[in-house]
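J.: predicted coordinates and the sequence they were generated for:
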Amino acid sequence: GAVVSQHPSWVICKSGTSVKIECRSLDFQATTMFWYRQFPKQSLMLMATSNEGSKATYEQGVEKDKFLINHASLTLSTLTVTSAHPEDSSFYICSARQPDRDYEQYFGPGTRLTVT
Amino acid sequence: GQNIDQPSEMTATEGAIVQINCTYQTSGFNGLFWYQQHAGEAPTFLSYNVLDGLEEKGRFSSFLSRSKGYSYLLLKELQMKDSASYLCAVVSNDYKLSFGAGTTVTVRA
């Protein structure tokens, strides 16, 4: 149990376009989902916390108008990178938390974004 | 703020033991996770410590001392497949995870 999927697993887009990444909890309801970004040889950096039915909470330094997060249901959160630039190229990972399972987060397989 | 430190790289021989240390200074503490991450993949859960002491799970053990802000992950009987990055992460009061930079472990034959 506790499987989280992401789609797509990798995507290449042109500079200036927008890309949407989906994060789904497959066998549980996730009231909270988290979005991370990981640059090569670096650790995961939390971008935002997404709660179902409410606005996402962004970490300091993360532009909310550039990284749009929608948590429309208990099993789906989406991250849209708007007007992507080459510096947005990174590995984006989501995680989900079960409300009755303390602090553990279940991670998706990640999405490799390359902006050309 | 959160400050989590771990060594960047470690190398060990197949069959040996390696200990990865993690020290932390965080605002709020609700436990510490260790994750394994292979290149290009998502982190996978290894252990969670919230009370002081040693938690043993097969070849992997994790230790926590809250008073010292210190944890370690012990990998025994190293196998080639254990070559990966190991991430120390602290849970704060609002369920957020703060990650260390990760320790890349290379296992040599």
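T.: That came through, no problem. Residues are numbered from 1 along each chain as shown, chains lettered A, B, ... in the order given.

J.: which residues of chain B fall in strands?
T.: Secondary structure of chain B (DSSP state E): strands at B:3-5, B:9-13, B:18-25, B:32-37, B:44-49, B:53-57, B:60-65, B:70-75, B:84-91, B:97-99, B:103-108.

J.: let me have those in a markdown table, adding distance to chain A and mean pLDDT as columns.
T.: Every residue, glycine included, has its C-beta placed from N, CA and C. Below are those laid out as a markdown table (distance: least, Cβ to the nearest Cβ, whole Å; pLDDT from 0 to 100):
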| stretch | distance to chain A | mean pLDDT |
| --- | --- | --- |
| strand B:3-5 | 9 | 93 |
| strand B:9-13 | 10 | 97 |
| strand B:18-25 | 12 | 97 |
| strand B:32-37 | 8 | 95 |
| strand B:44-49 | 7 | 93 |
| strand B:53-57 | 14 | 94 |
| strand B:60-65 | 14 | 97 |
| strand B:70-75 | 15 | 98 |
| strand B:84-91 | 4 | 95 |
| strand B:97-99 | 4 | 91 |
| strand B:103-108 | 8 | 96 |
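
J.: nearest approach to residue A:4 belongs to which of those strands?
T.: Residue A:4 lies closest to strand B:44-49 among these, at 11.8 Å (Cβ to Cβ).

J.: list the contacts of the closest one.
T.: A:103-104, A:107, B:31-37, B:55, B:57, B:60-64, B:71, B:73, B:86 (Cβ atoms under 8 Å, 6 or more residues apart in numbering or on different chains).

J.: swap in stretch B:57-72?
T.: So stretch B:57-72 is contacted by B:19-25, B:29, B:32, B:34, B:46-47, B:49-55, B:73-77, B:88 (Cβ under 8 Å, 6+ apart).

J.: and the buried ones among the residues you listed, selectable in PyMOL?
T.: The following PyMOL command selects only the buried members of the contacts of stretch B:57-72, with burial defined by 16 or more other Cβ atoms under 10 Å in any protein chain shown:
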select buried, chain B and resi 20+22+23+24+29+32+34+46+47+49+73+75+88
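
J.: so, low pLDDT: which residues of chain A?
T.: A:1, A:101-102 (pLDDT under 70).
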